[in-house]
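Enquirer: take a look and give me a structure for this.
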Amino acid sequence: MASSKEYLDFILGQLSLLEDISYRPMMGEYILYYKSKIFGGIYDDRLLVKPVQSAIALMPDGQYELPYEGAKEMLMVENVDSREFLAELISAMYDDLPLPKKKK
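Expert: Next up, the predicted model:
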């Protein structure tokens, strides 16, 4: 099942406390970026983030989900209604995220 544009718009609105959030559509889903680093995505109308140490620390009881068949597990963000929590989470994750890969 593909994610809806309405859910993407909702999540982008919830992330509005952060600057430099962007996204890229990919096969009916959306990859999310913060300051050019991938931090997660929207898959089947669920916000999933990379399971980096800072995200695990902020969501110790977080549920691991597969974004799609054959992918690595990601952490599902359940508290999407709190803009403050989302801003804290994504900001905290930034230093733990890998740098974007160089294009050839």
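Enquirer: can you show me the helices along the protein?
Expert: 5-14, 53-58, 83-93 (DSSP state H).
Enquirer: from the ones you listed, which stretch is densest packed?
Expert: Of the helices of the chain, the one with the most neighbours on average (mean count of other C-beta atoms under 10 Å) is helix 83-93, at a mean of 18. In short, each C-beta sits where N, CA and C put it, glycine included.
Enquirer: so what does that helix touch, helix or strand wise?
Expert: Helix 83-93 is packed against strand 46-49, helix 53-58, with contacts defined by 3 or more C-beta pairs under 8 Å, 6 or more residues apart in numbering; DSSP states H and E.
Enquirer: let's see 7 Å
Expert: Secondary-structure packing of helix 83-93 (3 or more C-beta pairs under 7 Å, 6 or more residues apart in numbering; DSSP states H and E): helix 53-58.
Enquirer: one step back: for residue 34, find the nearest of the helices of the chain.
Expert: helix 83-93 (5.2 Å; C-beta to C-beta).
Enquirer: tell me the angle of the closest one relative to helix 5-14?
Expert: The directions of helix 83-93 and helix 5-14 differ by 80 degrees, with axes from the mean of the first three to the mean of the last three C-alpha atoms, to 10 degrees as the criterion.
Enquirer: let me see the contact set for residue 36.
Expert: residue 100 (C-beta atoms under 7 Å, 6 or more residues apart in numbering).
Enquirer: who does the spatially most central residue of the chain form a beta bridge with?
Expert: By C-alpha atoms, centre = their mean, the mean C-alpha position of the chain lies nearest to residue 40, the distance being 2.8 Å. Partner residues in beta bridges with residue 40, using DSSP bridges, are residue 32, residue 49.
Enquirer: isn't it right next to residue 52, touching?
Expert: No. In this structure, residue 40 is not within contact of residue 52 by C-beta atoms under 7 Å, at 10.0 Å.
Enquirer: where does the chain dip in pLDDT?
Expert: 1 (pLDDT under 70).
Enquirer: do that again at 90, thanks
Expert: 1-2, 68-69, 98-104 (pLDDT under 90).
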